[in-house]
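Curious how this folds, go ahead:
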Amino acid sequence: MRRVLEAGEPEHRETRRQVPGETRERAWSVLVSPLKDLAGRTRAVWIGVLDITEQYRARQRLTLLNEAGTRIGTTLDVTQTAQELADMVVPEFADLAVVDLLDAVLSGGEPKPGPLTGTVALRRVAHQSIFEGVPEAVVKPGEVDTHPESFPSARCLATGRPVLTGADDPTFISSTGHNPARAATIRTFGIHSILSVPIRARGVTLGVAVFLRGQRPEPFEPDDVLLAEELTARAALSLDNARRYTRERSTALALQRSLLPQRLPRQSAVEVASRYLPASAHVGVGGDWFDVIPLSGARVALVVGDVVGHGLHASATMGRLRTAVRTLADVDLPPDELLTRLDDLVSRLPADTADGDDAEHDIGATCLYAVYDPVSRRCSLARAGHPLPALVTPDGAVSFLELPAGPPLGLGGVPFESAEIELPAGSLLALYTDGLIEARYRDIDLGFERLRRALTHREPSLEATCDHILAAVLPERPADDVALLVARTHALDSDQVAVWDLPAEPPIVAYARKQVAARLAGWGLDDAAFVTGLVVSELVTNAIRHAQSPIQLRLIRDQTLICEVSDGSSTAPHLRRARAFDEGGRGLLLVSQLTRRWGTRQTPHGKTIWAEQALPGRG
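The predicted model follows:
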């Protein structure tokens with residue numbers, strides 16, 4: 001009034017005051033206007049007061065609903081969305097808010113449509129209070145609480161409608177008898193009004209949201225029930241979207257993990273350790289993968305690949321590529337030729353989809369394929385658009401191998417090249433996907449430097465090395481999947497390998513059998529002499545009859561006994577069933593029956609036929 005008297009201008013103010021005799025505040029609109037004489041001088045003031053409680057509350061509800069549209073559902077995370085609902089309504093609407101969900105929602109499963117009758121088990125996902133630390137909460141987030149059918153939460157899930165109750169409701173008081181701690185909390189904090197609202201979306205019951213008032217004297221009213229229903233409905237859609245995303249992500253992750261090697265195979269060429277880390281939840285599962293494939297001649301293939309994109313499509317494509325690599329590796333193709341065949345496969349994959357010419361079905365992938373031979377200690381590598389592997393020599397020096405650049409798989413028309421290096425025994429190879437070096441840095445060179453520093457740190461085991469690399473290079477929440485494969489090379493002792501160069505003369509077969517028998521005796525493998533002698537006879541005889549010089553016989557004592565015969569012909573033999581009067585065709589059949597497995601591989605100067613036997617006493 002003083003300002004109006006001094007300035008002569010009207011003023012308007014809205015205020016909230018509690019009228020004597022009432023327990024709830026009211027909103028008032030106050031208008032103070034000057035009363036002037038004919039000369040324009042203010043002589044008095046006029047005061048008008050209007051009760052605008054209903055309009056004020058309506059504006060509050062609209063404001064709350066408007067904020068809910070932007071503050072609830074900011075992520076595809078069930079827990080985060082539930083917490084956003086609880087944070088949204090405290091303290092504007094309730095003194096305490098809790099969100100309890102069915103376990104199936106958290107795992108991405110399909111809950112029952114409802115109604116849910118009888119005793120209901122719900123997991124506390126989120127809560128918020130006007131008091132720091134939420135001291136009123138009897139159940140902590142992550143814990144499961146069982147609600148009898150008389151409890152408000154169970155009643156609203158059974159009916160599918162909100163349940164409004166309070167401390168003056170005998171039914172509510174009796175329903176808390178199953179939990180003395182909850183009854184004590186209600187008395188301690190003076191909770192007098194409880195509103196339970198079912199969380200339902202798309203015909204599915206997800207859980208229940210409970211709003212409570214204690215410090216605020218006014219109880220919930222019918223308009224509050226409508227507001228709570230609207231807020232919960234908006235949150236329910238976001239929760240259901242998060243649930244569906246969780247289900248898709250869990251399915252893709254389960255598919256990807258099932259397609260990755262569950263246990264790395266036993267072999268003597270390298271000691272290996274691996275890690276696979278999916279990206280953060282909002283990105284989705286990608287197509288990163290790795291594999292360790294034992295090859296003939298005690299060799300081993302190390303593979304790391306990455307399919308562009310995320311989700312089920314990327315995981316399924318990854319599985320197809322891993323299967324293709326294993327199939328091509330079984331043919332013993334060199335790395336560059338294997339990537340060429342794999343590139344052809346990736347180029348044809350989009351044509352297998354329903355909309356094969358649609359750009360969204362184009363497939364991009366990278367791959368690094370390495371073959372290590374523990375006998376020669378040589379490693380042959382080729383890459384298709386993949387990051388360079390890291391090498392740590394036994395003296396601790398770290399470098400990134402300079403391999404010929406190859407385009408990503410699927411482009412077609414560009415040949416791949418391989419490089420071959422000799423590795424000292426005890427060298428460490430680190431193969432990885434780009435998520436490891438690009439997760440934290442825009443400049444990829446910084447990622448390489450961070451990885452180099454991590455590899456200079458000596459760890460007691462390869463498992464510890466993997467953990468140290470991930471901790472040192474990756475951010476807390478990687479934006480992309482990461483596959484890491486670390487291998488320490490071994491070399492076979494010269495005493496484990498025997499080599500004979502043989503002339504292409506039939507009498508040499510007996511000499512070869514005699515030399516093999518003597519070497520097996522020196523190894524303490526006399527029991528294998530008879531079968532190995534037959535295998536050597538057949539393979540060397542075939543080389544003399546059907547191939548050309550030079551002929552070399554090699555015997556390797558590893559986890560199995562490996563017999564190899566190399567010659568100068570690139571023509572590979574084939575197993576066939578000999579007819580009654582055929583003079584040939586029985587040799588390879590005999591070899592296949594006497595050994596665990598056999599096969600051929602091409603070499604730069606011809607081919608090698610190999611056969612593996614179990615060592616005596618090892619089955």
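
For the nearest residue to residue 110 once chain neighbours are set aside, give its distance to residue 123.
Counting by Cβ to Cβ, 6 or more residues apart in numbering, residue 110 lies nearest to residue 104, which is 6.7 Å off, once chain neighbours are set aside. In this view, the C-beta of every residue, glycine as well, is placed from N, C-alpha and C. Distance, residue 104 to residue 123, using Cβ to Cβ, to the nearest Å: 10 Å.

what's the answer for residue 399, then?
Residue 399 is 51 Å from residue 123, by Cβ to Cβ.

Can you pick out the residue with more neighbours from those two?
The residue with more neighbours, out of residue 399 and residue 123, is residue 123; 19 against 13, by other Cβ atoms under 10 Å.

what helix or strand does the more buried one sit in?
Per DSSP states H and E: residue 123 is located in strand 120-129.

Quick one: mean pLDDT over whichever helix or strand comes after that strand.
Next helix or strand after strand 120-129 toward the C-terminus (DSSP H and E): strand 144-147. Strand 144-147 comes out with an average pLDDT of 90.

Which helix or strand lies directly C-terminal to strand 144-147?
In N-to-C order, the element after strand 144-147 by DSSP H and E is helix 152-159.

and the helix or strand just after that next one, what does it pack onto?
Toward the C-terminus, helix 152-159 is succeeded by strand 163-166 as the next helix or strand (DSSP H and E). The contact analysis (3 or more Cβ pairs under 8 Å, 6 or more residues apart in numbering; DSSP states H and E) places strand 163-166 against helix 152-159, helix 170-175, strand 193-201.

Give me the distance between residue 548 and residue 504.
In terms of Cβ to Cβ, residue 548 sits 7 Å off from residue 504.

out of these two, which sits in the busier spot?
residue 504 (16 against 13).

The more buried one reaches residue 545, doesn't it?
No. Shown here, residue 504 and residue 545 do not form a contact pair, counting by Cβ atoms under 8 Å, at 9.2 Å.

pLDDT below threshold where in the stretch 351-500 of the chain?
Along the stretch 351-500 of the chain, segments meeting pLDDT under 70 span 351-362, 439-443.

Determine the longest helix present in this structure.
Counting by DSSP state H, the longest helix found in the chain is helix 222-259.

Buried residues of that one, list them for me.
For helix 222-259, a neighbour-count test (16 or more other Cβ atoms under 10 Å) marks 224-225, 227-229, 231-232, 234-243, 245-249, 252-253, 255-256, 259 as buried.

Name every strand pairing with whatever helix or strand comes next after that helix and say which way it goes.
Using DSSP H and E, the next helix or strand after helix 222-259 towards the C-terminus is strand 270-277. Sheet pairing for strand 270-277, assigned by DSSP bridges, gives strand 482-489 (antiparallel).

Report the distance from the longest helix of the chain to the chain centre.
Put simply, helix 222-259 sits 19 Å off its chain's centre (Cα atoms, centre = their mean, to the nearest Å).

do the same with stretch 328-347
27 Å.

One more: stretch 131-147?
30 Å.

now swap in stretch 514-527 and tell me
50 Å.

ok, and what's touching that stretch?
For stretch 514-527, contacts defined as Cβ atoms under 8 Å, 6 or more residues apart in numbering pick out 498, 500, 528-529, 532-533, 536, 553, 555, 557, 561, 563, 615-616.

So the protein: which segments form each domain?
2-51, 57-250, 260-489, 494-614 (automatic domain parsing).

And the nearest residue to residue 227 once chain neighbours are set aside, its phi and psi?
Nearest non-adjacent residue to residue 227, counting by Cβ to Cβ, 6+ apart: residue 61, 4.9 Å away. Backbone torsions of residue 61, given as degrees, to the nearest 10, read phi -70, psi -40.

Within its local environment, how many residues does residue 61 see?
When neighbours are counted by other Cβ under 10 Å, residue 61 comes out with 18.

Pull up the gap between it and residue 236, please.
According to Cβ to Cβ, residue 61 stands 18 Å off from residue 236.

returning to that earlier point: pretty sure the residue nearest to residue 110 contacts residue 116?
No. Using Cβ under 8 Å, residue 104 is not in contact with residue 116, being 11.3 Å away.

The stretch 401-550 of the chain: helices as residue ranges?
435-438, 444-456, 462-473, 508-522, 529-546 (DSSP state H, counting those that start in this stretch).

Highest mean neighbour count across these, which stretch is it?
Between these, helix 435-438 has the highest mean count of neighbours, a mean of 23, where neighbours are mean count of other Cβ atoms under 10 Å.

starting at the chain centroid, how far to it?
15 Å.

Who are the packing partners of whichever strand or helix holds residue 6?
Assigned by DSSP H and E, residue 6 belongs to helix 2-7. On a contact count with 3+ Cβ pairs under 8 Å, 6+ apart, helix 2-7 meets strand 25-36, strand 42-51.

For residue 521, give me the pLDDT.
94.

cool, residue 322 as well?
At residue 322, pLDDT is 89.

Counting neighbours, what do you get for it?
Residues contacting residue 322 under the criterion other Cβ under 10 Å number 22.

give me every residue that touches it.
259, 260, 289, 291, 303, 305 are the contacts of residue 322 under Cβ under 8 Å, 6+ apart.

Distance check, the residue nearest to residue 18 when sequence neighbours are not counted against residue 16.
Take residue 18 and drop its neighbours on the chain: the residue closest to it by Cβ to Cβ, 6+ apart is residue 25, 4.9 Å away. Distance check for residue 25 against residue 16: by Cβ to Cβ, it reads 5 Å.

out of those two, which sits in the busier spot?
For residue 25 versus residue 16, the count of surrounding residues by other Cβ under 10 Å is larger for residue 25: 16 against 10.
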